[in-house]
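Trainee: sequence-free structure coming up:
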């Protein structure tokens, strides 16, 4: 069986945006125009293809990334429609890791919004080429120029207009393509007829001015073109398009398009731009990984003839076929019925079925080729970030790093029958979602679930009920505080126990200090192991502690960090160095070193000026001007720092950083303060030290005043 599309005619891209900017509406138009479905689903009617979960249709938001495959002008599209709500940001991050390009959708009224910035940052981290689509230009208050300016100001100076709209708000009729210098109108059934006309006279001067800016930007990106441009030569359309494609793939230009997906204007031109300017798997740099046998860096190119390599980026429970493992093939070919080697776990599993996804519809395929995205059915031990590869040519690809949860709540089964089912359901859901964590409170024996926000945990509890038939009682949401140290300390500790016969002997000396901000690119000493939140340095010389006991020391420190000494919260951002100790020929054991290290760490942490950390949220509030004073005063009263105030059409926007502990129930109080006319969005920004007076209250509540 041969691949049905050559690699240069494949586009793997995502549709990303802030909540309510119109991603799913755009995806539905894409499916309609590409002939993948015969009618258009609407978010407000709850019948969209990509929002297929019950919770998505009820709330009118995207919760899980949906994969769809369709075809446009001889090119195969593998598209992922991602969520816009900050609580489901994991879906965007992991999707961008395996995609080659992205269409970033903006609301034509609001322009750049908080989640637009976060998604853009994820795309920057993954070096994903982007096309911008300013949507909703038919809405009252829409302004292409204002939205375009917000992209330049808040995201990138590399953005450039490739289109301008013909009219805005109720007068939005079509768009002008600045490269071709033609006007396009969308007529017929659902705008499926694209009509090319001359540019209206009243917009010709603007079009010429903006085209000159576009051509200049393209010429600047290409040394061969800049000379022709400076000499005033006319550059042909084909040459411009080729140079623009190179610049987009190199992330030096982000073209900005215009339209209204809901009113069926401009979407086909976005698809043309995806074909013309976003990369195929062949345009992307070779993927790099580590050879687990030698520890050296190796790479794989997008070719069917290279050894097989793929990355699992998402798990999903399917009520009909069980566990689905989504994976992106970077090189080689995999066939159903063969064995799949997981280099992360060094295990093999039989690959019974491979399916291609159309949201929640499945199509069985026999082979998956380089550059394709598919899902494996029924893999038992695969997790997000695991690498699949050819056993004879192993490679481990970089893991996807996920943000830590910031909110927690207690959960208990309603009946004895629910108890066993709840454990299984929580495990399945945490396998699917790496930002959803479960832990047991050792003191109370209660189960605590942690996630990215109130809505995130609400959806998890709802899914437990619907998909796993588990009824549960939940407590109030709690902030996921952390602890760290602000000073240095060195402690020596011996753990000696004689019980007659063989005793226990462990002796360590450890030094701890604050860990600088985690940087995956930072050079780490050969004797150190670093990850987000923790670094362990083995500085033992002369074998004073035998090598086989060193991992036990690290384990003891890690376990001690799980329960901090200020209020029992998990500790983070700590560098621990083991620099001295001794051993006993007979009595030394792993458990003795683990206990010695744990005790030494706790004592060192007490001396190293420990502090509480709390999550600080980036908050954006939009409201009519007359409520401005009330809102800013209220945010300041919540220990918030106002960072910016700006206009958005007739409305005012306030951006602030506010502790999460102060923001519970804010949506309700905002409605009452603004007569129901205010709205807000909130996302995690960073952890900061809790002020002393607030910390005392938290410690007292946590320890019961002990």
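Mentor: Okay, I see it. This one's a predicted model, so the numbers in the text were calculated from it and none came from an experiment.

Trainee: every contact and neighbour count from this point should use C-alpha atoms.
Mentor: Will do.

Trainee: what segments of the stretch 501-650 of the chain are helices?
Mentor: 550-561, 590-607, 628-637 (DSSP state H, counting those that start in this stretch).

Trainee: most tightly packed of those helices?
Mentor: Highest mean neighbour count of the helices of the stretch 501-650 of the chain: helix 590-607, a mean of 23 (counted as mean count of other C-alpha atoms under 10 Å).

Trainee: which strands and helices sit next to that one?
Mentor: strand 489-497, strand 504-514, helix 550-561 (3 or more C-alpha pairs under 8 Å, 6 or more residues apart in numbering; DSSP states H and E).

Trainee: how far away from the center of its chain is that helix?
Mentor: Relative to the chain's own centre, helix 590-607 is displaced by 36 Å; criterion: C-alpha atoms, centre = their mean, to the nearest Å.

Trainee: for residue 232, grab the count of nearby residues.
Mentor: Per other C-alpha atoms under 10 Å, the neighbour tally for residue 232 reads 9.

Trainee: how about it, secondary structure?
Mentor: coil (DSSP: H, G, I helix; E, B strand; the rest coil).

Trainee: longest strand in this protein, please.
Mentor: strand 610-624 (DSSP state E).

Trainee: parallel or antiparallel, list what pairs with that one.
Mentor: Within its sheet, strand 610-624 is paired with strand 482-485 (antiparallel), strand 651-659 (antiparallel), strand 679-689 (antiparallel), according to DSSP bridges.

Trainee: turn these into CSV, columns for mean pLDDT.
Mentor: As requested, the strands paired with strand 610-624 are exported to CSV (pLDDT from 0 to 100):
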stretch, mean pLDDT
strand 482-485, 93
strand 651-659, 91
strand 679-689, 84
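
Trainee: picking that back up, any chance of the helices and strands packed on helix 590-607 in JSON lines, plus distance to residue 365 and mean pLDDT?
Mentor: Converted to JSON lines, these look like this (distance: least, C-alpha to C-alpha, whole Å; pLDDT from 0 to 100):
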{"stretch": "strand 489-497", "distance to residue 365": "59", "mean pLDDT": "92"}
{"stretch": "strand 504-514", "distance to residue 365": "51", "mean pLDDT": "93"}
{"stretch": "helix 550-561", "distance to residue 365": "44", "mean pLDDT": "94"}
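
Trainee: so for residue 446, which of the ones you listed sits nearest?
Mentor: Closest approach to residue 446 among the helices and strands packed on helix 590-607 is made by helix 550-561 (19.0 Å; C-alpha to C-alpha).

Trainee: other residues contacting the closest one?
Mentor: 536, 538, 570-572, 590-591, 593-599, 601-602 (C-alpha atoms under 8 Å, 6 or more residues apart in numbering).

Trainee: any idea of the angle it forms with strand 504-514?
Mentor: In terms of direction (axes from the mean of the first three to the mean of the last three C-alpha atoms, to 10 degrees), helix 550-561 departs from strand 504-514 by 60 degrees.

Trainee: now the angle from helix 550-561 to helix 590-607?
Mentor: 40 degrees.
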